[in-house]
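Chemist: build me a structure from this.
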Amino acid sequence: MIKAVARIIGYGLLAALVLLAVATAVLYTPSLSREAAVARYAAPGSRFLDLGEAGVAHVRVQGAAAAPPVVLLHGSNANLFTWQPWSDHLDGIRLITLDLPAHGLTGATPAGDYSRAGAVDFVAAVLDRLGVERAVIGGNSRGGAVAAAFAAQFPERVAGLLLVDASGLYTQAYLDSQEGGDDPALIYRLVTLPGVRHLITRLTPKFLIRDGLESAVVDPAVMTPERVTRYYDMIRMAGTRRATLARFGGALPPAVDADRLTMPTLIQWGAQDQFIPVSLAHLWHARLADSRLAIYERVGHLPMIEIPARSAADVQAFLDEIGWVAPRPAGATPGTAPAPLDEAEAARSGQ
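Modeler: Got it, this is the predicted structure:
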């Protein structure tokens, strides 16, 4: 009897090991070298700025060099191509987008600082290298929190602020006061589980990335195969997954000091955002001295991807209102054409 039970247990363990081996073989996700990722995704206007211990920043600059600069920061696990839909609708500006540390083609950094404060310093270093003294700055999700923190730390450098479904006012007390919403995407649940989270450095199948992206929007059709593949390739760039775990492992940063944000601000939010509830939009609006609020029905966490023309039109109107656009020829209609390439970009892109 004892031998029979032992035999059953042994067969069970063997079967479990076989299943684990098969699952590992199926789900194993090899890293993509930085060189391969850069060759695949560097775009016209891409620049790579060596910031020493802060890493090599992937920055994309579009538009006339003399136009007023607008700096846009992507959200968690995203990349600068998040903003490409807006670039097709905004004009009269110099659009600057960048991959934050642990993201995109910037990826892991020698310093390993993936905190919000570190991201603020990183943005400041990039703008210093580009010679940008003052700009409108904005961001989506965590990028919005970084933009707000930058504006609070360097208000003299910020002409205006764009907050798109932005975090930054979260405190633990606020989180505890909120009723639970829909379950977060599987990928976000996994990275918080002890033991399991470290498997993400080896097992990051594309379906997890697709699930996370589709849960961020109302219409999953906007997450095209090309867009999903780009996110997938960026997250598996060598070193990025470990950097991502380090970023998620940090403590919740303090809320941004909204009292220091006196500059004109546009707040944009999807009413059906499952990641950051629309109540945060109203909290930002109540806390800021000079804010405008746009709520979009049937839109989730990514208005710039879900409704690019409409959300960009609101940005264009805001920039026109605060006078942060280049003079237009008589009779020109705002926001109807992409910003022109500057001479360096034109040379690189062959135009």
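
Chemist: which ones are touching P264?
Modeler: Counting by Cβ atoms under 8 Å, 6 or more residues apart in numbering, P264 touches A159, G160, L161, D290, S291, R292, F318, E321, I322. All C-beta spots, glycine's among them, are computed from the backbone N, C-alpha and C.

Chemist: could you rerun that using 10 Å?
Modeler: 136, 158-162, 288-292, 318-319, 321-324 (Cβ atoms under 10 Å, 6 or more residues apart in numbering).

Chemist: any idea of the mean pLDDT in the helix or strand A145 falls within?
Modeler: For A145, the host element (DSSP states H and E) is helix 142-153. Averaged across helix 142-153, pLDDT comes to 98.

Chemist: show me what it is packed up against.
Modeler: Contacts defined by 3 or more Cβ pairs under 10 Å, 6 or more residues apart in numbering; DSSP states H and E place helix 142-153 against strand 69-73, helix 116-130, strand 135-141, strand 158-166, strand 265-270, helix 279-287.

Chemist: and of the ones you listed, who's closest to I209?
Modeler: strand 135-141 (16.1 Å; Cβ to Cβ).

Chemist: just the helices in the chain please.
Modeler: Applying DSSP state H to the chain gives helices spanning 2-27, 34-41, 84-87, 116-130, 142-153, 172-177, 186-190, 206-215, 225-235, 240-248, 279-287, 303-306, 308-322, 343-349.

Chemist: export the third one to PDB, keeping only CA atoms.
Modeler: Read it as helix 84-87. Provided in PDB are the C-alpha atoms of helix 84-87 (Å, rounded to 0.1, in the frame of the first residue of the first chain):
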ATOM      1  CA  GLN A  84       2.800  59.300 -32.500                       C
ATOM      2  CA  PRO A  85      -1.000  59.600 -33.100                       C
ATOM      3  CA  TRP A  86      -0.900  63.200 -31.700                       C
ATOM      4  CA  SER A  87       2.100  64.200 -33.900                       C
END
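
Chemist: return the distance of it from the chain's centre.
Modeler: 14 Å (Cα atoms, centre = their mean, to the nearest Å).

Chemist: please begin residue numbering at 2 from this point
Modeler: Yes, from this point I'll number from 2; that puts the last item at helix 85-88.

Chemist: and it, what's buried?
Modeler: Q85, P86, W87, S88 (16 or more other Cβ atoms under 10 Å).

Chemist: may I ask you to confirm that the first one is in contact with T98?
Modeler: In this case it means Q85. Yes. If you go by Cβ atoms under 10 Å, Q85 and T98 touch, sitting 8.4 Å apart.

Chemist: tell me, what's touching these two both at once?
Modeler: Shared contacts of Q85 and T98 (Cβ under 10 Å, 6+ apart): R61, Q63.

Chemist: so who does L33 touch?
Modeler: L33 makes contacts with R41, Y42, Y233, D234, M235, I236, R237, M238, A239, T241, as judged by Cβ under 10 Å, 6+ apart.

Chemist: ok, of these, which come out buried?
Modeler: Among the contacts of L33, the ones that count as buried by 16+ other Cβ under 10 Å are Y42, Y233, D234, M235, I236, R237, M238, A239, T241.

Chemist: closest one to E307 among the helices and strands packed on helix 143-154?
Modeler: strand 266-271 (6.9 Å).
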